[in-house]
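Trainee: fold the following, please.
(chains A and B)
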2 protein chains.
Amino acid sequence: MSLLVVGSIAFDSVQTPFGVIQDALGGSATYFSYAASYFTPVRLVGVVGDDFPPEHRAMLEGRGVDTSGLIVEQGGKTFRWRGKYEGDMNNAETLEVHLNVLGTFDPDLSPAFAETPFVFLANGSPSMQRKVLSQSKGRKLVVADTMNFWIETQRDELNALLKEVDGLVLNDGEARMLTEEVNLVRAGEKVLALGPKFVIIKKGEHGAMFLSAEQSFVMPAYPLNDVVDPTGAGDSFAGGFMGYLASVGRTDPAALKTAMAYGAVIASFNVQDFSLRRFQRTERPEIDARLEAYRAMMSF
Amino acid sequence: MSLLVVGSIAFDSVQTPFGVIQDALGGSATYFSYAASYFTPVRLVGVVGDDFPPEHRAMLEGRGVDTSGLIVEQGGKTFRWRGKYEGDMNNAETLEVHLNVLGTFDPDLSPAFAETPFVFLANGSPSMQRKVLSQSKGRKLVVADTMNFWIETQRDELNALLKEVDGLVLNDGEARMLTEEVNLVRAGEKVLALGPKFVIIKKGEHGAMFLSAEQSFVMPAYPLNDVVDPTGAGDSFAGGFMGYLASVGRTDPAALKTAMAYGAVIASFNVQDFSLRRFQRTERPEIDARLEAYRAMMSF
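Mentor: Just a heads-up that it's a prediction; the model follows:
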C-alpha cells in the first residue's frame, strides 16, 4: 500500500566529531521518504524554495518517491538548519534555523494523495498536522511526530491531534515533558491515555520503546562502532517503521514489532554517514542481512 | 558449579523519588550473592564490623550462601553508604561514605574457596582484586567489576588486572573514561584490546552491551513502570549473569548470551524495591516467567 509523508525538506549544515557537511539535503520528509522507499512507494508533501536543485527531486523520484506534492515557492528559500553534535552525540545543538518557505507551509493534499492509506505526519505544528488529517480521507493508519516546542506552545492543538492519530513518535525527553513522568514506561502509558493506540519513544543510541494495550517492548539500537552523524535518525526510523507496515498492509501486533526492528536497522544505516550518503550506497538486501543479524543478537 | 564473590557488605541509606531507607543491608557482594543464589551455591568473601546483625548472615545462609569467608572485625564498624537518586535515577549522588572495616579489607581465601571455578571480583581496588586472583587456584572464569575511582588512581594495577581476567564489567561512563572513546562499541573494543576476553558495559535503564571476539550485542533493560531504587542493579545483574554460568558450567557464546538475559531480568526485580526487599519475595519461577516475557519482547 502507498504511504504519505508530510514534513520538512531542508538544507542542513552539520558538524560532528567526525566531520562537517554544508547545505546537504536533509529534513524530516526527506529522511523519512528515502528510508520508506526501501519498502513501498512514497508520496511526499512539502515545500522548498526556488534554490532547490532539480537533481534532488530527480534523486527522490528515482527512489519511487512521488514528488508531485512538493511545492516550489518562487522567490522563496528552502528551510535551512545548522547544528552541531558533541560528546556522545545524543543531542544536537542548533546553531542557526532559517524557516524560510517552511514558515508559511500550508499543505493541501491532492485528491489522489488524500486517499493514501498510511500517513506519517512528520514534526510540524499540531494545527498544520490536524489540517492534513482532516483532508486525509482514505487513511487507515496515521502516525505523528512532535517535539518539545509544540508541547510548550500548542498544547491544546497537540491534545486534539493525539485524539485523532493512531500512533505518536517522540523522543524520551519529549515524552517526559509531555507527561511529567520520569519513568519512560509510565510516560508511555500516560501518552496512551491521551488518545494514541500506540506510542514510540525514541532513545537515540539506546534504541526505542513501543507501548500499546497489546504489547510493550524495547528495541536496542543496532550497535555500531562508526556512528558519524545522527541527523535524521528518528525520521529514518519512522520511515523504516511506516514503510514496512505499508508494504505488508498490516497493523497487527506482530507487524508493528517487525516494523520497529526495521526502523532500528534503517536508522543504523543512516547514522553511518552524513546526509543521505549511507542510504545512497545501500540496497535492500544489505538491510535485510542486518535485520537478520539484529534478530540473532536478541535471540538467546 | 560453585561461585565465589569477593566484595563489599554495606549498610545503605538511600533516598529516591519513591521513598527513603535507612541502614538497609546492601553492598556489592550482598546483591551479587542474593541474585546468584537463584542459580547456584555462592561463596561470599567480605568483611563487616561487630555491628552486623547475625540475622543478616542467617538470611544469606538460608539462600545457600556460604558465609564462612565473611570476617567480623571485632571493634570495627560495617561499611556505610548514604546516597540519593533524582530525576531519571541513572546516577547516584553519594552523600556520605564511611569505609570503616572495608578500608583495610585484605581477603584471604580458604583452601576450599581457592578451588572455586567461577569467580567474581566485585568493585574494589585492583591491587586487592589481583591478590585474590593470585590465590584463586581453581578458577575457570574470572570476571571483575571496576569504577572510575580505580581508573583514575590505580591505572597500572588495573591494566595488570585486565590481563588476568576473563571478563570486565563496568558502566558506560567508566568505559568511556577508561578508553577515551565516546562510541560505546569502540570503547568496548578498546577494553578487549587491554586483555579481557569479553566486556559488559552497563547502561542503567538502557540495559547492557556485551562484546567479545565471537559476538557483540545489546540487551535492553526489562521495561518497568515501577522502578523504586536502582541501588545494586549492576551487582544484581552480575549475580544473575555469573550465577547462570556457574549453574550450567559453560562459558560458550550461547551460554554467555543467556546469562546476559538472566542478568537483565534479575536486575529488573532488584530495582522494584529498596535493598533486597523485592528479591526476598521472589522465587525462581517468577524469574523464569519474566525471562520468557523478555525473550518474547525481543522476538519478531
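Trainee: how many residues are close by whichever residue of the stretch 51-200 of chain A sits closest to chain B?
Mentor: The nearest approach of the stretch 51-200 of chain A to chain B comes at A:Val185, 3.9 Å away (CB to the nearest CB). For glycine as for every other residue, the C-beta is placed from the backbone atoms N, C-alpha and C. Around A:Val185 there are 19 other residues, counting by other CB atoms under 10 Å in any protein chain shown.
Trainee: how about A:Leu224?
Mentor: Counted with other CB under 10 Å, A:Leu224 comes out at 16.
Trainee: centre of the chain to the longest helix along chain A, how far?
Mentor: Ranked by residue count, the top helix of chain A under DSSP state H comes out as helix A:253-270. Mean-position distance between helix A:253-270 and its chain equals 12 Å (CA atoms, centre = their mean, to the nearest Å).
Trainee: what's it packed up against?
Mentor: Packing partners of helix A:253-270 (3 or more CB pairs under 8 Å, 6 or more residues apart in numbering or on different chains; DSSP states H and E): helix A:28-36, strand A:198-202, strand A:208-212, strand A:216-219, helix A:233-248, helix A:277-280, helix A:284-297.
Trainee: what's next to the first one, contact-wise?
Mentor: The one in question is helix A:28-36. A:3, A:5-10, A:42, A:44-46, A:60, A:63, A:65, A:120, A:122-123, A:145, A:232, A:235-240, A:242-243, A:246, A:266-267, A:270, A:276, A:279 (CB atoms under 8 Å, 6 or more residues apart in numbering or on different chains).
Trainee: ok, and what's touching the next helix or strand after that helix?
Mentor: Sequence order places strand A:42-49 as the next helix or strand after helix A:28-36, per DSSP states H and E. Contact with strand A:42-49 is made by A:2-9, A:27, A:29, A:32-33, A:36, A:60, A:63-73, A:75-79, A:100-102, A:105, A:107, A:109, A:113, A:116, A:132, A:243, as judged by CB under 8 Å, 6+ apart.
Trainee: give me the contact list for the helix or strand that comes right after strand A:42-49.
Mentor: Using DSSP H and E, the helix or strand that directly follows strand A:42-49 along the chain is helix A:54-62. The contact list for helix A:54-62, computed with CB under 8 Å, 6+ apart, reads A:Leu25, A:Thr30, A:Ser33, A:Tyr34, A:Leu44, A:Thr67, A:Leu70.
Trainee: so where's the stretch 151-300 of chain A uncertain?
Mentor: Judged against pLDDT under 70, the stretch 151-300 of chain A has no low-scoring part.
Trainee: show me which residues of it sit near chain B.
Mentor: A:182-186, A:189, A:203, A:205-207, A:209, A:215-221, A:223-227, A:254, A:257-258, A:260-261, A:295, A:297-300 (CB under 8 Å from any CB of the partner chain).
Trainee: if you set the cut-off to 6 Å instead, what comes out?
Mentor: For the stretch 151-300 of chain A, the residues in contact with chain B (CB under 6 Å from any CB of the partner chain) are A:182-183, A:185-186, A:206, A:216-218, A:220, A:223, A:225, A:227, A:257-258, A:261, A:297-298, A:300.
Trainee: nearest residue to A:Arg290 in space, please, no chain neighbours.
Mentor: A:Val265 (5.0 Å; CB to CB, 6 or more residues apart in numbering or on different chains).
Trainee: can you pull the contacts of that neighbour?
Mentor: Counting by CB atoms under 6 Å, 6 or more residues apart in numbering or on different chains, A:Val265 touches A:Tyr222, A:Arg290, A:Leu291, A:Tyr294.
Trainee: hmm, the last one is touching A:Tyr222, no?
Mentor: Yes: look at A:Tyr294 against A:Tyr222 with CB atoms under 6 Å: they come within range, at 5.5 Å.
Trainee: quick one, which of these two is more surrounded?
Mentor: Neighbour totals were compared for A:Tyr294 and A:Tyr222, and A:Tyr294 leads with 24 against 21 (other CB under 10 Å).
Trainee: check contacts around the more buried one.
Mentor: A:Tyr222, A:Val265.
Trainee: now with 7 Å?
Mentor: A:Tyr222, A:Ala261, A:Ala264, A:Val265 (CB atoms under 7 Å, 6 or more residues apart in numbering or on different chains).
Trainee: what is the nearest of those to B:Leu178?
Mentor: The closest of those to B:Leu178 turns out to be A:Tyr222 (CB to CB; 23.7 Å).
Trainee: against B:Pro223, how distant is that closest one?
Mentor: 19 Å (CB to CB, to the nearest Å).
Trainee: do the same with A:Leu178
Mentor: 18 Å.
Trainee: do A:Thr30 as well
Mentor: Counting by CB to CB - A:Thr30 and B:Pro223 are separated by 32 Å.
Trainee: now for the contacts of A:Val265: which two are most distant?
Mentor: A:Tyr222 and A:Leu291 (9.1 Å).
Trainee: so which of the helices and strands packed on helix A:253-270 is the most packed in?
Mentor: helix A:28-36 (a mean of 30; mean count of other CB atoms under 10 Å in any protein chain shown).
Trainee: okay, which residue is most central for chain A?
Mentor: Centroid-nearest residue in chain A, with CA atoms, centre = their mean: A:Asp235, separated by 2.3 Å.
Trainee: in the stretch 1-150 of chain A, which spans are helices?
Mentor: Under the criterion DSSP state H, counting those that start in this stretch, helices of the stretch 1-150 of chain A are mapped to A:28-36, A:54-62, A:111-114, A:126-135, A:148-153.
Trainee: okay, the ones you listed, which one's buried deepest?
Mentor: Most buried among those, counting by mean count of other CB under 10 Å: helix A:28-36, with a mean of 30.
Trainee: tell me the angle that helix makes with helix A:54-62.
Mentor: Here helix A:28-36 runs at an angle of 40 degrees relative to helix A:54-62 (axes from the mean of the first three to the mean of the last three CA atoms, to 10 degrees).
Trainee: now find how far off-centre helix A:28-36 is within its chain.
Mentor: 7 Å.
Trainee: using CSV, list the CA coordinates for it.
Mentor: This file holds the C-alpha atoms of helix A:28-36, laid out as CSV (Å, rounded to 0.1, in the frame of the first residue of the first chain):
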residue,chain,number,x,y,z
SER,A,28,12.2,15.1,8.1
ALA,A,29,10.3,14.3,5.0
THR,A,30,13.5,13.6,3.0
TYR,A,31,14.9,11.1,5.5
PHE,A,32,11.6,9.5,6.0
SER,A,33,11.0,9.2,2.3
TYR,A,34,14.3,7.6,1.5
ALA,A,35,14.1,5.2,4.4
ALA,A,36,10.5,4.2,3.4
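Trainee: burial of A:Phe39, as a residue count?
Mentor: 24.
Trainee: hmm, it is touching A:Tyr244, no?
Mentor: Yes: contact criterion CB atoms under 7 Å: A:Phe39 and A:Tyr244 qualify, at 5.3 Å.
Trainee: just to be sure, A:Arg168 is in a helix?
Mentor: Not quite, residue A:168 is Leu, not Arg. No: according to DSSP: H, G, I helix; E, B strand; the rest coil, A:Leu168 belongs to no helix; its state is strand.
Trainee: grab the nearest non-local neighbour of it.
Mentor: A:Pro196 (4.5 Å).
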